[in-house]
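**Student:** what shape does this take:
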Amino acid sequence: MGYADVYGAWKTDPEAFWMKAAEEIHWFKEPSKALFDDKAPIYEWFADGLTNTCYNAVDRHVENGRGEQTAIIYDSPITHTKRTISYVELRNRVATLAGALRAKGVGKGDRVIIYMPMIPEALEAMLACARLGAVHSVVFGGFAAHELAVRIDDATPKAIIAASCGLEPNRVVHYKPLLDSAIDQATHKPDFCVIYQREQEVAQLIEGRDVNWHGFQYGVEPADCVPVEGNHPAYILYTSGTTGAPKGVIRHTGGQLVALNWTMKNIYNVDPGDVFWAASDVGWVVGHSYIVYGPLIHGNTTIVFEGKPVGTPDPGTFWRVIEEHNVKVLFTAPTAFRAIKREDPTGEYVKKYDLSGLQTLFLAGERADPDTIKWAQAMLDKPVIDHWWQTETGWAIAGNPLGIEALPVKIGSPSVAMPGYDIHILDEAGHEVAPGELGAIALKLPLPPGTLPTLWNAEDRFKKSYLTQFPGYYETGDAGMKDEDGYVYIMARTDDVINVAGHRLSTGGMEEVLASHPDVAECAVIGVADALKGQAPLGFLCLNAGCDRPHAEIAKECVTLVRQEIGPVAAFKLACVVDRLPKTRSGKILRATMVKIADSEPFKMPATIDDPEILDEIRTALQGLGFAN
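**Tutor:** Numbering: from 1, shown residues only. Presented below is the predicted three-dimensional model:
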């Protein structure tokens, strides 16, 4: 069966499609049906089945004779440490940790916040919660104390599991003082905190509240897996809300197991035993779905990488990991490749390593501009597959299902809708637009298994945020178009579609043109307030390493390029060169914040910002152009 057959089979009978996929998962009690729609528009999948995430991700592989296979490869160029953990070792470690948590009162339905760096113990903490039926909420390690406090008050955890510190290439990030400050600020107080002491920094424990990771596990009875209902929350993952209050995305247990297991073969085309590397962080959705759960549920070997694409120690670190650990599939954000390309534009480091074992590169997380894709294709001589999804969906909305059929790649498109997703491009009134026309991207309800059923303790906010604009649809917040072949093009967040003298223009389209300039490594376009036209586009350009041409000359060439490619309708007249762009830690460019600075509007410092000092550089550049006064 090809893609059209599989997608057609889903569309004809979604119930049969997902019940068949559910046969690949272990159930203590099989579900009576797939979709439960009695509370629509709140939908649930496999609600009356009984299963356990940890059992599916760890124990069943041991029981099926694959216990000696490597489950986790830990590679930290920052600490110069490498180690492997087999499935049987992982089971024993997780069962003991779960037993220790249980002995201190953690059980099914209790929340546990995890505040950890990229070390195997972070995965063990997540799996130990899943083993007990506790609901974990991973907060990106090193997150600001106030933001952590907000999440503590929303999730009301019984326990917090944290590390003493995290490590960046040139600094130690002191987690424990941030944790202590967050607990002081929060109204809710956890019963206890488990602290994993790293040798780079041993934190002071607070008597009566804090316990040592190793010490509190001594002599405990290992815990068995607790069967939970298919609609039992596996985790809460907070995503920034436009109002400033974070939204707690929930993932139900049964749907996540079925969907993620299905994607590993059908989308990524890996078999059990293959090495799968998602170069992300467990604090983000990619880390949840494709560092921890997807690969382990499917019986793959997953890589936990504590480092950066450049600077640990050089732009060849990704290639070293791929060669050394025989990585079959790499999944990362386009921003990682832009960083590598900027440092090594001619690919000198790529040539130093044997990448023959690499089958495919997958990109997601930020729009993959054609220039970055072409560079990756040229350097790696491997398929480079863009795919599109969100924290809310947990897995790909649109992609190229290599395990079913490798579809032709259209550069600039994450390809076609995956089974489970019915993608529509709508105008502001909710009417379907013609192929090639820009509109809001919406997904017909119900969403497939593994997506968010609602928000944690905020059903009204869920409906208002996602279901109100287009009744009967989930509003993605992304703008784009579809072509005659059904290929989707994600052009911008809906907020990034700018209105220039009545013309709705995509900032992504302009960024595509700017990125094609030979000296530009990375760029961003925002819409700034314009008294005459309503909004005017403004481009920020980061140049390739070693480029010593006059900045004004490059900016002028870029303006000409956009006017040639998109036309005078874009009214693109402003561009400036900056050293860096402000980003979240997952690599998303903070365009909305840049717009507020340009328009001299107050803004809240984004909780996820990687380096707040960059905003001062952006403000200075904008002032040079007459903005941000």
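**Student:** check what pLDDT Gly502 gets.
**Tutor:** The confidence metric pLDDT takes the value 64 at Gly502.
**Student:** let me fix that, I meant to ask about Asp110.
**Tutor:** Asp110 is assigned 98 on the pLDDT scale.
**Student:** that one against Ala155, yeah?
**Tutor:** No. Under the criterion of Cβ atoms under 8 Å, Asp110 makes no contact with Ala155, lying 10.2 Å away. Quick note: C-beta positions are derived from backbone N, CA and C, even for glycine.
**Student:** neighbour count: these two, which is higher?
**Tutor:** The residue with the greater number of neighbours, taking Asp110 and Ala155 and applying other Cβ atoms under 10 Å, is Ala155; the counts read 23 against 19.
**Student:** pLDDT wise, what is the more buried one at?
**Tutor:** pLDDT for Ala155: 97.
**Student:** got it, and the one 10 residues further on?
**Tutor:** At Cys165, the predicted lDDT confidence score is 97.
**Student:** quick one: neighbours of it, just the number.
**Tutor:** Neighbourhood size, Cys165 [other Cβ under 10 Å]: 24.
**Student:** tell me the phi and psi of the closest residue to it other than its chain neighbours?
**Tutor:** Take Cys165 and drop its neighbours on the chain: the residue closest to it by Cβ to Cβ, 6 or more residues apart in numbering is Glu201, 4.0 Å away. Note on Glu201: its backbone torsions stand at phi -160, psi 120 [degrees, to the nearest 10].
**Student:** again with Cys523
**Tutor:** phi -150, psi 170.
**Student:** neighbours around it, how many?
**Tutor:** By the criterion of other Cβ under 10 Å, Cys523 has 27 neighbours.
**Student:** and for Ile490?
**Tutor:** By other Cβ under 10 Å, the residues close to Ile490 number 22.
**Student:** one more: Gly534?
**Tutor:** By the criterion of other Cβ under 10 Å, Gly534 has 14 neighbours.
**Student:** and Pro414, by the same measure?
**Tutor:** The local packing of Pro414 (other Cβ under 10 Å) involves 27 other residues.
**Student:** ditto for Asp485
**Tutor:** The tally of other residues near Asp485 (other Cβ under 10 Å) stands at 12.
**Student:** ramachandran angles for it?
**Tutor:** Per-residue torsions, Asp485: phi -90, psi 0 (degrees, to the nearest 10).
**Student:** quick check: it vs Ala364, distance?
**Tutor:** 21 Å (Cβ to Cβ, to the nearest Å).
**Student:** again with Gly254
**Tutor:** Here Gly254 is placed at a distance of 24 Å from Ala364 (Cβ to Cβ).
**Student:** ok so, going back, run through the residues that contact the residue nearest to Cys165.
**Tutor:** Shown in contact with Glu201 (Cβ atoms under 8 Å, 6 or more residues apart in numbering): Ser164, Cys165, Val172, His174, Lys176.
**Student:** swap in 10 Å and give it another go.
**Tutor:** Taking Cβ atoms under 10 Å, 6 or more residues apart in numbering, we find Glu201 in contact with Ala163, Ser164, Cys165, Gly166, Leu167, Val172, Val173, His174, Tyr175, Lys176.
**Student:** circling back: which of Gly254 and Ala364 has more neighbours?
**Tutor:** The residue with more neighbours, out of Gly254 and Ala364, is Gly254; 29 against 24, by other Cβ under 10 Å.
**Student:** helices and strands around the helix or strand the more buried one falls within, which ones?
**Tutor:** Under the criterion of DSSP states H and E, Gly254 resides in helix 253-266. For helix 253-266, the helices and strands in contact under the criterion 3 or more Cβ pairs under 10 Å, 6 or more residues apart in numbering; DSSP states H and E are helix 14-22, strand 44-45, strand 50-51, helix 53-54, strand 228-229, strand 233-239, helix 294-298.
**Student:** of all the residues in it, which ones are buried?
**Tutor:** 253-266 (16 or more other Cβ atoms under 10 Å).
**Student:** now do stretch 214-223
**Tutor:** Along stretch 214-223, the positions that meet the burial threshold by neighbour count (16+ other Cβ under 10 Å) are Phe216, Gln217, Val220, Pro222, Ala223.
**Student:** which among these gets closest to Ala545?
**Tutor:** Gln217 (46.8 Å; Cβ to Cβ).
**Student:** count of residues packed around the nearest residue to that closest one once chain neighbours are set aside?
**Tutor:** Leaving aside its sequence neighbours, Gln217 sits nearest to Ala100 (Cβ to Cβ, 6+ apart; 4.3 Å). When neighbours are counted by other Cβ under 10 Å, Ala100 registers 24.
**Student:** for the stretch 351-500 of the chain, which spans come out with low pLDDT?
**Tutor:** 495 (pLDDT under 70).
**Student:** which ones are touching the spatially closest residue to Ser164 that is not a sequence neighbour?
**Tutor:** The spatially closest residue to Ser164, leaving aside those adjacent along the chain, is Ala203, at 3.8 Å (Cβ to Cβ, 6+ apart). Contacts for Ala203 were tallied using Cβ under 10 Å, 6+ apart; they are 162-165, 174-177, 179-180, 195-197, 210, 212.
**Student:** try 7 Å this time
**Tutor:** Under the criterion of Cβ atoms under 7 Å, 6 or more residues apart in numbering, the contact partners of Ala203 comprise Ser164, Lys176, Ile195, Gln197.
**Student:** measure the first one to His146 for me?
**Tutor:** In other words, Ser164. Counting by Cβ to Cβ, the gap between Ser164 and His146 amounts to 21 Å.
**Student:** neighbour count winner among these two?
**Tutor:** With neighbours defined as other Cβ under 10 Å, Ser164 and His146 compare such that Ser164 has more, 22 against 14.
**Student:** quick check: that one touching Ile195?
**Tutor:** Yes. If you go by Cβ atoms under 7 Å, Ser164 and Ile195 touch, sitting 6.1 Å apart.
**Student:** mutual contacts of those two, please.
**Tutor:** Here Ser164 and Ile195 share the contacting residues Lys176, Ala203, scored by Cβ under 7 Å, 6+ apart.
**Student:** now what about the helix holding Gly254, what contacts it?
**Tutor:** By Cβ under 7 Å, 6+ apart, the surrounding residues in contact with helix 253-266 are 18, 21-22, 24-25, 31, 45-46, 49, 51, 53, 56, 228, 230-232, 234, 270-271, 289, 293-295, 297-298, 300, 394-396, 401, 403-404, 448-450.
**Student:** JSON lines for the helices and strands packed on helix 253-266, including mean pLDDT?
**Tutor:** Conversion of the helices and strands packed on helix 253-266 to JSON lines gives the following (pLDDT from 0 to 100):
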{"stretch": "helix 14-22", "mean pLDDT": "98"}
{"stretch": "strand 44-45", "mean pLDDT": "98"}
{"stretch": "strand 50-51", "mean pLDDT": "98"}
{"stretch": "helix 53-54", "mean pLDDT": "98"}
{"stretch": "strand 228-229", "mean pLDDT": "98"}
{"stretch": "strand 233-239", "mean pLDDT": "95"}
{"stretch": "helix 294-298", "mean pLDDT": "98"}
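**Student:** which helix or strand contains the residue nearest to Gln217?
**Tutor:** Here Ala100 is covered by helix 87-103, with elements defined by DSSP H and E.
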